Each structure stands twice: as structure tokens, then as C-alpha cells.
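# I would like the atomic coordinates for the input below:
(chains A and B, ligands or ions: 2)
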Amino acid sequence: MSAPIIELEHITKSFDGQMILDDLNLTVHENEFITLLGPSGCGKTTTLRIIGGFEHPDQGRVLFEGKDITELPPNKRNLNTVFQRYALFSHLSIAENIAFGLKVSKKSKAYIDDKIKYALKLVNLDGFEHRTVDSLSGGQQQRIAIARAIVNEPKVLLLDEPLGALDLKLRQDMQYELIRLKNELGITFIYVTHDQEEALTMSDTVVVMNQGYIQQMGTPENIYNEPENAFVADFIGDSNIIGGIMLQDELVQILGVKFPCVDSGFGRNKPVDVVIRPEDVILGEPGAGRLDGEVSHLIFKGLLYEMEVMAGGFEWLVQSTKCFPVGTPVSISVDPYNIQIMNKPESEDEEAIGVQE
Amino acid sequence: MFRNKKTRYTMILSGPYLLWIIGGTLIPLIMMFYYGLTTADGGFTLSNVFAIAEAGHAKALGQALLYSAVSTVVCFVLAFPLAVILKNSKLGTKGFVVFVFILPMWMNFLLRTMAWQVLLEKGGVINGVLTWMGLPRMRLINTPGAIIMGMVYDFLPFMIMPLYNVMSKIDNNVVEAARDLGASGWQVIYKVLLPLSVPGIVSGVTMVFVPALTTFVISNMLGGGKIFLIGNVIEHEFTVGDNWHLGAGLSLVMMVFILISMAFIAKFDKNGEGNLL
Ligand SMILES: Nc1ncnc2c1ncn2[C@@H]1O[C@H](COP(=O)(O)OP(=O)(O)OP(=O)(O)O)[C@@H](O)[C@H]1O
Ligand SMILES: [Mg+2]
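Ligands and ions are numbered 1, 2, ... in the order given. Sure thing, here's the model as predicted:
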């Protein structure tokens, strides 16, 4: 992997005596698209603001290319932010908005004019120079906010839920736009969202946060397929999370039934959490699988049917291309490599921290 | 007569206001125009209005413009930084500070001005303190400085309120965006806060400038009758001079200034952001 560009070291931050970030450590590499993902209030924006220089951490350091920038004000940091609610300057035209940072840094007029043209082209808004901020739609304002940030050629772009206010269709379009932009510019993106799908689609690296702790960090595939704890499994997509007992290596007991799996090293008879994705549950003729049950709900979801199956005293969430009407007796089986075993958290605190190796 | 109940209610409810407008605004206005545009024997004339060009009157108008312009600038220079500081301060203390600055506004205008008289007089409080410290007395009252002081003191709240109002409505994200794009603290003030508070500045400036322009109480009490502003001239014509026609004619000229100011407010403050209420 390329060199680190931003490093957060032991960052602690509290507001009004309430701990928001507790000993947070994070390394962002050059040219990485990294996403902070987590539920509302988990400290994503606070983390971003500490990187941007808008909040001062109570403890810890922020490094930029190895240099300590903790005490540097925002205007002295070589990074730019795209704010959640755009924060455009309503007293300036679109061109003047984009030129703001360049004028402050005293670039020549020719250079500025070139940059405005280039940036508007990049965000597909050529010819918008003389429009007013008020006359733009939400999506257009968002793109201007991005243009305004990138003309300064920051090494790192911070984006705080930049698509939060847009409708679904526009969001998806903008997701592709952002990925294209990132590839064209070749800069580092630190992106904040609470939308797991957005995080999985766009990022090189996903950082799942909860209550100020990093729960898990990894590639989207890694986070989706191998969640390290029940929180991550639950937050990333729908899951069946069932309490079980690891009887021995590669054998787990759930709902009183033994399931072969591929995990090992948990010891004998150890209580664990078992995660099974709904699309990995295989339905069949009664008696053909490990557990028998009955379909209790059915929804058509476009590509797939989503069903709930009552089996072994647990309501299984199942996704399948085949339709099993409500009331159908079925059996349930799961391929061993689709069973994900996780340590059970032993206390509330550990639940928040997540299971660390 | 009334087509339905609703219109009748509307009529009854708006009645008192209608009376108020007629009695409090319309009739005085008509009287002013009548007196201003007639001679003592009732004939039409514009001489009362053009009298503003007479040397004494023009000088008084010039003085009044100068004094009120200076006071307006002083008020702005005091109020703008305060509004910026208040914007950046924590929520709890904000209301209190504004309250302290607005407090004098609730005291009677005459009383406030009189208090300055007592402070600035030859044997007044300030000179008393100076004498006590063994310093020579100073001539404070009946100077241009005293009048400016009085105007600033009396009208400062009218500058603070609209400025504080617009300033506190400016989205903090916008300020942070400017910082993010490399602006220093000063650059944020003159590139973002100043232009965004123009509506408040315009209404603050007019709300100080217009009353300062027409005042005669302050110049009477703190100027000792030596400094004649246009307000003093008009007052003089109505009272001592007993020439209502001339007084009303000069007042009509002042109304032009008020109308210009109102046009300014309407142009810059389309959303009523700088309004007091
Ligand atoms: N300036 C502040 N003063 C007091 N509390 C704050 C402040 N900023 C943030 N907080 C608190 O810190 C916690 C984390 O806030 P943060 O904005 O980082 O959450 P978030 O993960 O971005 O959430 P969301 O997805 O809703 O934007 C919240 O409980 C919030 O109330
Ligand atoms: Mg947030």
C-alpha cells in the first residue's frame, strides 16, 4: 500500500463531559478512498472536523504526511472539505464561489479563470459561471461545493455526507461522478456516510464506527463477508445473528443443531455469535436440510424474494430467487464457508469496542 | 350593507387602526404639506421649501449631515466588531451581552441625554473627578464632541440590534467553509461576514442616521444652543419664531432624506433580515 497521508494517533474528544471519541487511531493512505461508516451520533463528523482543523482533540495528534498538524488552523491545512449542507457563499456568483480559495491564495486572474472553466467541466456544469447560488438545485449546489474545494488542488478531500440531501436517483448518479472525479484527480478522499450501501459501493476501505470506537476496518468485501462482531454484521446489510456454541474446530451448534463450518481456534464449547447472510440460507424440501420450518412471510423485492422462515425457534431471514409461498414447509441448510463465527462480547464496554485481536 | 359576517368582522377589527392611521399619520402629514406649501395668508408658495438654500439653513443642514454621518460611522465601528464577537461566543453569554447594550434603550430618551449633561457639565461629575485627582478641568459640554457622544450613546442600540440579528443568522458552516478554503480570520470578516451582513448594516445605518439628522434635543442639551442643527432650526421656527409655514417647509425637505433612506432599506433588505423585530 502507498504511504500514509493522514494519521490519527490516540485521538480523544469529549463534549460537555460526554466522551465522543475514545483513543481513536486511524491511518489513511495516499490516493485511498476511505469511508467512515456508522450510525448517527457515532462521531463521524467529529472525526472529520478534527482532521479539517475545526475541532481540537482533547488528546492525541493529527499527522499530515508525517508532520504534526494538530495545532494548525484550518486555513493552513492542505486539505479541503465538502460540507454536508454545501455552505456556498450566497453573496457570490458561482464563478466567485469557485474562485474563493484561489483568490485568497493570490493566484493570477488567468490561472483562476482557467481553473473555474476546468472545475465546472469536471462537475458537468459548464456555463454556470454567472448563475446565483439560489438558482441552483440541490444536486447542482453539491457539485459546485465539490468544484470549489478541488480547484485548490488539496491532497486530501474531506466529504461529510455530501449526498445526504439528494434523492435516490441523483445519489446514485453522484456516486459514480465522485468515483470518476477521484480517479481523474488522483487525490485521497475521506468520506463520511451512514449509508452502508454507499460505503460498500464507493470505497477502497471502510471504517465501521460505533459510539466513538472503530469496530472494524477493511475492504468492502472483507467487511461484508467477514464481519468481526455482531454490530458490524448487523449494520452492514441484513443478517441472521444467532447465539451458538463452538463445539470444536469447524463445528458449531445453533438452535440445538450441529452445523459444520470453516472457523477454528475458538476452543471447545465456547459461546459465540453466528452470522449467516440471508442470501446464504438454502431452502429445500422438508427433511433435506439441517433444520425444518415453515415460511411465515414473503415479500417480492424485484430481483429476489425475501422470506422469513420460522425454524428451530428462530425467525430466519432468507433471500432467494425461488418463491416459497407463506405456509410452505421447508428445510434450511447453509454451506460451511457461509457461516461466520464471532466471539461474543463479554461486557457492554466490549460490545462497543468490538472484538479486537 | 355587509355581504357576510366575515367582512363585517374585518371592518370592525381594522376600524381602530384605520382611525389611528388617519389621526396619527394622515392628518399631520396633510397639515404639514398645507403649512409647508402656503404663506401666512393662505396662498400657494414653494418659498418655505426653498428656504433650505438660505445661508443659515443650509449651514444647519450641512452641520446636521456632518454630525449624524460621524455618529453613524462611530456607531458602526463600535457595533460591527461587537456583532462579530457575539457571533463567535458561546450561546449562554450572548443574550446577556446584547441585553446590557440594549438596556439603555428602555430608559427615557430625554433622561438619558440629561444624564450626559450632568456628567459633562463644568461642575459635573467628570470634572469633579478630574479636580479630585488634582487635574485641571476640561471643557466638555457645549462642544461638538459632546453632541457626537450623545448621539452615539442614544442611537447605538439601533445599530447593534440589526447587526447582531443578521450576523447571528449567518450559517457557521459558511464561515468554516471560508476558513477551509484558506481565509484568515480577517479575510473571513471582510470577504464573508461583511458582505453577508449588508442588509443589517443598511438598516442599522438608516436607523441611526435619520434620527440623528433630525434631532434637536441632543444638540440643545449638550451643545448649549451654540451649535445649530437643522432640527434646531425647525424647532425654533415652530416655537420661538412662531412661523409654522417655514418650519413645515423645512420639515418637508427632511422628509426627502427619510424617503431616500427607506428606499435604501427596501433595496438592500428584501427579506427584512435586518429588521428590529
Ligand atoms: N459542538 C458540539 N457540542 C456538543 N456536542 C457535540 C458537538 N458536536 C458533536 N456533538 C455530539 O457528539 C456526538 C457525535 O457527533 P457527530 O456529529 O460526530 O456524529 P455523526 O457520527 O456525524 O452523526 P450523524 O450521522 O448524525 O451526522 C453527538 O452525540 C453530538 O451530539
Ligand atoms: Mg455527521
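# rest of the way, CA atoms for contacts and neighbours
Will do.
# Just give the number of residues close to the residue in the stretch 51-200 of chain A that ligand 1 sits nearest to.
Proximity to ligand 1, evaluated over the stretch 51-200 of chain A using C-alpha to the nearest ligand atom, is greatest for A:His194 at 5.7 Å. As a burial measure, A:His194 scores 21 neighbours (other C-alpha atoms under 10 Å in any protein chain shown).
# okay, now the domains of chain A?
Chain A resolves into domains spanning A:4-225, A:230-353 when parsed by automatic domain parsing.
# Which residue is the nearest non-sequential neighbour of A:Ile51?
Excluding the flanking residues, the one nearest A:Ile51 by C-alpha to C-alpha, 6 or more residues apart in numbering or on different chains is A:Val62, at 6.8 Å.
# any idea how far the residue of the stretch 51-200 of chain A closest to ligand 1 is from A:Pro39?
Counting by C-alpha to C-alpha, to the nearest Å, the separation of A:His194 from A:Pro39 is 6 Å.
# what does A:Asp238 give?
Distance from A:Asp238 to A:Pro39, by C-alpha to C-alpha: 15 Å.
# again with A:Gln211
9 Å.
# Mind naming the longest helix for the chain?
Answering for chain A, as no chain was given. helix A:168-185 (DSSP state H).
# let's do chain B instead
Longest helix in chain B by number of residues (criterion: DSSP H): helix B:55-88.
# Packing partners of it?
Judged by 3 or more C-alpha pairs under 8 Å, 6 or more residues apart in numbering or on different chains; DSSP states H and E, helix B:55-88 is in contact with helix B:144-169, helix B:198-214, helix B:230-238.
# ok now the second one, how far from the chain's centre?
Using C-alpha atoms, centre = their mean, to the nearest Å, the distance from the centre of helix B:198-214 to the centre of the chain it belongs to is 6 Å.
# what's next to it, contact-wise?
B:64-65, B:67-69, B:71-72, B:75-76, B:151, B:155-156, B:158-163, B:165-166, B:229-231, B:254, B:257-258, B:261-262, B:264-265, B:268-269, B:272-275 (C-alpha atoms under 8 Å, 6 or more residues apart in numbering or on different chains).
# And the residue of the stretch 1-150 of chain A that's closest to chain B?
A:Asn75 (3.8 Å; C-alpha to the nearest C-alpha).
# and that residue, what is it in contact with?
By C-alpha under 8 Å, 6+ apart, the residues touching A:Asn75 are B:179-184.
# try it again with 6 Å
Residues near A:Asn75 by C-alpha atoms under 6 Å, 6 or more residues apart in numbering or on different chains: B:179-180, B:182-183.
# how about the nearest residue to it, chain neighbours excluded?
Using C-alpha to C-alpha, 6+ apart, the nearest residue to A:Asn75 is B:Gly182, at 3.8 Å.
# Give me the neighbour count for the one you found.
Residues lying near B:Gly182 (other C-alpha under 10 Å) number 26.
# same question, B:Gly134
9.
# Next: A:Asp16.
6.
# By mean pLDDT, which helix or strand of chain B comes out lowest?
Lowest by mean pLDDT, DSSP states H and E among the helices and strands of chain B is helix B:91-102, with a mean of 78.
# Buried residues of that helix, list them for me.
B:94, B:98, B:102 (16 or more other C-alpha atoms under 10 Å in any protein chain shown).
# What is the nearest of these to A:Ile69?
The nearest member of those to A:Ile69, counting by C-alpha to C-alpha, is B:Lys94 at 31.5 Å.
# Name the SS class of the residue nearest to A:Ile51, please.
When classified by DSSP: H, G, I helix; E, B strand; the rest coil, A:Val62 comes out as strand.
# Verify the contact between it and A:His10 for me.
No. Taking contacts as C-alpha atoms under 6 Å, A:Val62 lies outside contact range of A:His10: 9.1 Å.
# Those two: who's more crowded?
Under the neighbour definition other C-alpha under 10 Å, A:Val62 and A:His10 were set side by side, and A:Val62 has more, 26 against 18.
# Enumerate every residue touching that one.
By C-alpha under 6 Å, 6+ apart, the residues touching A:Val62 are A:7-8, A:68-70.
# What pLDDT is listed against it?
Looking at A:Val62, its pLDDT is 97.
# likewise A:Val123?
Taking A:Val123 on its own, its pLDDT is 87.
# Look up phi and psi at it.
Phi and psi for A:Val123, reported as degrees, to the nearest 10, are phi -100, psi 20.
# low-scoring pLDDT stretches of the chain, where are they?
Unless you meant another one, I'm taking chain A. For chain A, applying pLDDT under 70 flags the ranges A:1, A:346-357.
# ah, no, chain B please
Ranges of chain B meeting pLDDT under 70: B:1-4, B:92, B:269-277.
# gap between whichever residue of chain B sits closest to chain A and ligand 1?
Across chain B, no residue is closer to chain A than B:Gly182, which sits at 3.8 Å (C-alpha to the nearest C-alpha). Distance from B:Gly182 to ligand 1, counting by C-alpha to the nearest ligand atom, to the nearest Å: 22 Å.
# what's the burial count for A:Ser14?
So A:Ser14, with other C-alpha under 10 Å, has 15 neighbours.
# Could you find the closest non-adjacent residue to it?
A:Ile20 (5.0 Å).
# and what of A:Gly139?
A:Leu166 (6.5 Å).
# just A:Ile214 next, same as before
A:Val208 (5.9 Å).
# The one you found contacts A:Leu37, correct?
Yes. With contacts counted by C-alpha under 6 Å, A:Val208 reaches A:Leu37, the gap being 4.8 Å.
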